[in-house]
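# Build the 3D model from these lines:
(one chain, ligands or ions: 1)
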Amino acid sequence: MQEELETAIGLLNASRRVVVFSGAGLSRASGIPTYRDADGLWMQQNAIQFSHAEDLARDPAGFTKFWGQRLAVIEEAAPNAGHRALAALQRLRPATRLITQNVDGLLTQAGCMDVLELHGNLRRWRCDRCGNRHGPWPFHRCLRCGGHARPDVVMFGEMLNPGVLMDAQEASVDCDLFVLVGSTAVVYPAADLPVAAMAHGAALITLNMEPIAHLDDRARVVLRGASEVLLPLMVEGLKGV
Ligand SMILES: [Zn+2]
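Below is the predicted model of the structure:
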């Protein structure tokens, strides 16, 4: 692993524009469960029930309870050493762009700037009917129209925010190093962005607990392990230069 780590640090040092794409693995050490292995039986049973925007109309109370509990988990969580390492990287290399699938807002809380949140942010809520973003959410009706609140996250069957997606695509094709952290990059657009980056000449580093079958063999460096351990080691290496 030491050799891989040194190669990764060398790539970081040689790169001018870095993109770090993160998924659920980055926030695991902060105690945020992934969508599919949500904590507790009630949450597991209801994850499927309330993953579509239409579920709000079908069962407003259940929908609000489910997403309110997910929000409570996130609000109790704190950034971990992986988030903080990425904030430090961005301070050292301001051109670094951060793209994430996570809706927990922990990168921003750690001090990261201009995070491209592909799936939105669970800390932001809006009225499902009129779009009003002023609370008090989530357990209250909209003060303007009486509609229900929903989190500003991309639910199953919904489109990604086109502006965020375009920024992520542009950053990916413009970078010279793409670091994939804590994501197996199976779903769109996670699956496409590292491929687009490599097609435009970027080197790829994968950093994940599990193998990434379709990308590891194309990566310049494969780091297998916890992001809260490996990211600080990478960024500390950068400081030494
Ligand atoms: Zn409203």
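
# list the contacts for Gly82?
Contacts for Gly82 (CB atoms under 8 Å, 6 or more residues apart in numbering) come out as 26, 29, 181-182, 226-228, 231-232. (C-beta placed from N, C-alpha, C; glycine too.)

# can you rerun that using 6 Å?
Applying CB atoms under 6 Å, 6 or more residues apart in numbering to Gly82 gives the contacts 26, 227-228, 231.

# Those in strands, which ones?
Per DSSP state E, strands hold no members of the contacts of Gly82.

# residues near Met166, how many?
12 (other CB atoms under 10 Å).

# and what of the one 4 residues further on?
By other CB under 10 Å, 13 other residues sit near Glu170.

# Assign it to helix, strand or coil.
Classification of Glu170 by DSSP: H, G, I helix; E, B strand; the rest coil places it in helix.

# How about the strand ranked longest in the chain and the ion, touching?
In the chain, assigned by DSSP E, the strand with the most residues is strand 120-127. Yes. Residues of strand 120-127 contacting the ion under CB under 5 Å from the ion: Cys127.

# Parallel or antiparallel, which strands does the helix or strand just after that strand pair with?
Next along the chain after strand 120-127, taking DSSP states H and E as the criterion, comes strand 149-153. Looking at strand 149-153 with DSSP bridges, its partner strands are strand 120-127 (antiparallel).

# and the partner strand, which residues are buried?
Neighbour-count burial for strand 120-127 flags 120-123, 125-127 (criterion: 16 or more other CB atoms under 10 Å).

# Could I get the average pLDDT for that strand?
Strand 120-127 shows a mean pLDDT of 95.

# same thing with stretch 144-161?
The average of the pLDDT scores along stretch 144-161 is 93.

# And stretch 196-203, by the same measure?
98.

# Any buried residues in it, and which?
196-198, 202-203.

# List just the nearest of the contacts of Gly82 to the ion.
The closest of the contacts of Gly82 to the ion turns out to be Leu26 (CB to the ion; 33.5 Å).

# quick one, phi/psi of Ala95?
Dihedral angles of Ala95 (phi, psi; degrees, to the nearest 10) stand at phi -80, psi 0.

# Give the closest residue to it in space, chain neighbours not counted.
Arg17 (4.9 Å; CB to CB, 6 or more residues apart in numbering).

# Can you give me the first-to-last residue distance of stretch 141-157?
Taking CA to CA, to the nearest Å, stretch 141-157 runs 24 Å from one end to the other.

# Indicate whether it makes contact with the ion.
Yes. Stretch 141-157 lies within reach of the ion by CB under 5 Å from the ion, at 142, 144-145, 147.

# buried residues in the helix or strand where Thr64 lies?
For Thr64, the host element (DSSP H and E) is helix 60-76. Within helix 60-76, the residues scored as buried using 16+ other CB under 10 Å are 60, 63-67, 69-71, 73-74.

# now stretch 204-212
So for stretch 204-212, counting by 16+ other CB under 10 Å, buried means 204-208, 212.

# Out of those, which sit inside strands?
Those of these lying in strands (DSSP E): 204-208.
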